[in-house]
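Undergrad: predicted model, plus sequence, below.
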Amino acid sequence: MKTLKILDWPSQRFFSETHPFHKWRRELRESGIQLEFYTDHTSSKLRNADFLLIHSRYFINGWQDIYKRSPENEYELLLFLSGLKKTVGKLIWFDAADSSGSSDFPIIDFVDIFLKKQMLKDKRYYTEKDTENDLRIWLNNRKLKTEITEFKPCPKDQLHKVKLGWNIGLNDYRYFGYKMGRLSNYLSYYLYPTRFSKVEKERPFDLTFRGSIHRGKDLKNTVSYQRNTILHLFDNLNMNIASGPNVSKFRYWREMRKTKLSISPFGWGEICYRDFETFIAGAILIKPSMEHLDTYPQLFIPQETYIPLRWDMEDLEETLDFVTAQYPYYKQIAENGQERYRSAINDGDSFIQSILQILN
């Protein structure tokens, strides 16, 4: 029996990317992996493990926040990692950043494995020193960009440590009330399963997308480019659209389950909660092309489980008009996406095999 200890993100430990470890804890044990969870990096119990996985956002109030990053807190983190590395078999850094890019490469020399939720197919991008390269690859060469997010490249001799982990598709998307949400990691899926909506149900909305236009001239404006483009377009569309500012979770799900199409643009990252909520709701997922990255579970197959858009969104209006007009034909994509997602979240064996492959 090998021990995998996890230093989790304290404030989100009930809702974070570690959920599948709780969900399939018994099966992991049957496969020879004993799990232990921690939320205090000073605990002496973290040491002497076969494997120690650190959720990067444990340090969100310090080094992990690029606006709070400093030589002092970087030195403290590296000292912490170097000390741990001497006491564990393998030290694993789970980069929980939203995008396929990373600002965490300064620590890669101090860990054995560097996991990404979604990883560029061409990993050479991580090692390039071109100062014009944006951390978010889809923002390169965009004329309206206000600023670039640079990143320290990965040393070429450390690139082999960058491996594919798992994405937020394996988070818990069951509907919980506020207090009940704390039971997420412990409430059986047999007793409280994910509630999927049939694609064939009546769908009075052509499209749903809620949000507001960001009008600033900062980084948030840059990463909001695709979202802003969508919202600006709505006035020109002759469709029944559920849009506007954020609403209650109950109303949000009600609208999602009544819409034909759901748009999910990139933001801070490529993959969004809305992607999986769309699969659950039985709508057709429309989002910018995902062909540049690897991710697990792999649910993004163009023209099969989602309809891809150009990164610059130049084909957005044409795509929405065409798919809406041909909805009876295209709703098979919603069926495919929902079935593939349903299969993924019930496939504990696949998750366990992916973890065993990482650890080995």
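TA: Great, that's in hand. Numbers count the residues shown, from 1 in each chain.
Undergrad: contacting residues around the helix or strand Gln34 falls within?
TA: Using DSSP states H and E, Gln34 maps to strand 33-38. Outside strand 33-38, the residues that touch it by Cβ atoms under 8 Å, 6 or more residues apart in numbering are 1-8, 13, 18, 21, 25, 28-29, 45-46, 49, 352, 355-356, 359. From N, CA and C alone the C-beta is placed, and that goes for glycine too.
Undergrad: just the buried ones from these, in ChimeraX syntax?
TA: Selecting only the buried members of the contacts of strand 33-38 in ChimeraX, with burial defined as 16 or more other Cβ atoms under 10 Å, works like this:
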select :4,5,6,7,8,13,18,21,25,28,46,49,352,355,359
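Undergrad: just the pLDDT for Ile213.
TA: Here, the pLDDT recorded for Ile213 equals 71.
Undergrad: wait, I meant Asn140
TA: On the pLDDT scale, Asn140 is placed at 87.
Undergrad: and if you look at Leu52?
TA: As predicted, Leu52 sits at a pLDDT of 98.
Undergrad: ok, it - contacts?
TA: Contacts of Leu52 by Cβ under 8 Å, 6+ apart are Leu4, Lys5, Ile6, Leu7, Leu46, Leu84, Val88, Lys90, Leu91, Ile92.
Undergrad: show only the entries of those residues found in helices.
TA: Counting by DSSP state H, the contacts of Leu52 place Leu84 in helices.
Undergrad: export the contacts of Leu52 to a markdown table and tack on pLDDT and distance to Thr305?
TA: Formatted as a markdown table, the contacts of Leu52 follow (pLDDT from 0 to 100; distance: Cβ to Cβ, whole Å):
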| residue | pLDDT | distance to Thr305 |
| --- | --- | --- |
| Leu4 | 98 | 31 |
| Lys5 | 98 | 35 |
| Ile6 | 98 | 30 |
| Leu7 | 98 | 34 |
| Leu46 | 94 | 39 |
| Leu84 | 95 | 40 |
| Val88 | 97 | 38 |
| Lys90 | 98 | 34 |
| Leu91 | 98 | 35 |
| Ile92 | 99 | 29 |
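Undergrad: quick one: low-confidence ranges for the stretch 1-150 of the chain?
TA: Applying pLDDT under 70 to the stretch 1-150 of the chain picks out residues 141-146.
Undergrad: most remote residue from this structure's center?
TA: Distance to the chain centre peaks in the chain at Asn238, reaching 32.1 Å (criterion: Cα atoms, centre = their mean).
Undergrad: and that one, what's its pLDDT?
TA: pLDDT recorded at Asn238 is 92.
Undergrad: from Thr194, how far out is it?
TA: Here Asn238 is placed at a distance of 34 Å from Thr194 (Cβ to Cβ, to the nearest Å).
Undergrad: next one: Ser56 relative to Tyr341, how far apart?
TA: Going from Ser56 to Tyr341 by Cβ to Cβ gives 25 Å.
Undergrad: er, Gln326 actually
TA: For Gln326, the distance to Tyr341 equals 23 Å [Cβ to Cβ].
Undergrad: Ile344 against Thr305, yeah?
TA: You called it Ile, but residue 344 is Ala. No: using Cβ atoms under 8 Å, Ala344 is not in contact with Thr305; the gap is 10.8 Å.
Undergrad: overlap in contacts, the two.
TA: Listed as contacting both Ala344 and Thr305 by Cβ under 8 Å, 6+ apart are Leu299.
Undergrad: so what's Gly101 up against?
TA: Going by Cβ under 8 Å, 6+ apart, Gly101 touches Leu120, Tyr126, Asp134, Leu135, Arg136, Ile137, Thr149, Phe151.
Undergrad: of all the residues you listed, which two lie farthest apart?
TA: Spanning the widest gap among these are Leu120 and Thr149, at 15.2 Å by Cβ to Cβ.
Undergrad: would you map the helices across the stretch 251-360 of the chain?
TA: For the stretch 251-360 of the chain, helices defined by DSSP state H, counting those that start in this stretch occupy the ranges 273-281, 316-325, 327-345, 348-359.
Undergrad: okay, the angle between the shortest one and helix 327-345?
TA: Taking axes from the mean of the first three to the mean of the last three Cα atoms, to 10 degrees, helix 273-281 and helix 327-345 form an angle of 100 degrees between their directions.
Undergrad: what distance do you get for the spatially closest residue to Asp321 that is not a sequence neighbour to Arg254?
TA: Excluding the flanking residues, the one nearest Asp321 by Cβ to Cβ, 6 or more residues apart in numbering is Leu237, at 7.7 Å. According to Cβ to Cβ, Leu237 and Arg254 sit 21 Å apart.
Undergrad: with adjacent residues omitted, what lies nearest to Trp311?
TA: Nearest residue to Trp311, sequence neighbours excluded (Cβ to Cβ, 6+ apart): Trp138, at 4.5 Å.
Undergrad: Glu74 too?
TA: Trp63 (5.6 Å).
Undergrad: show me the contacts for the one you found.
TA: Trp63 makes contact with Arg69, Ser70, Asn73, Glu74, Glu76, Leu77, according to Cβ under 8 Å, 6+ apart.
Undergrad: the helix or strand where the fourth one lies: which residues count as buried?
TA: In this assignment (DSSP H and E), Glu74 forms part of helix 71-85. By neighbour count on 16+ other Cβ under 10 Å, the buried set for helix 71-85 is Asn73, Leu77, Phe80, Leu81, Leu84.
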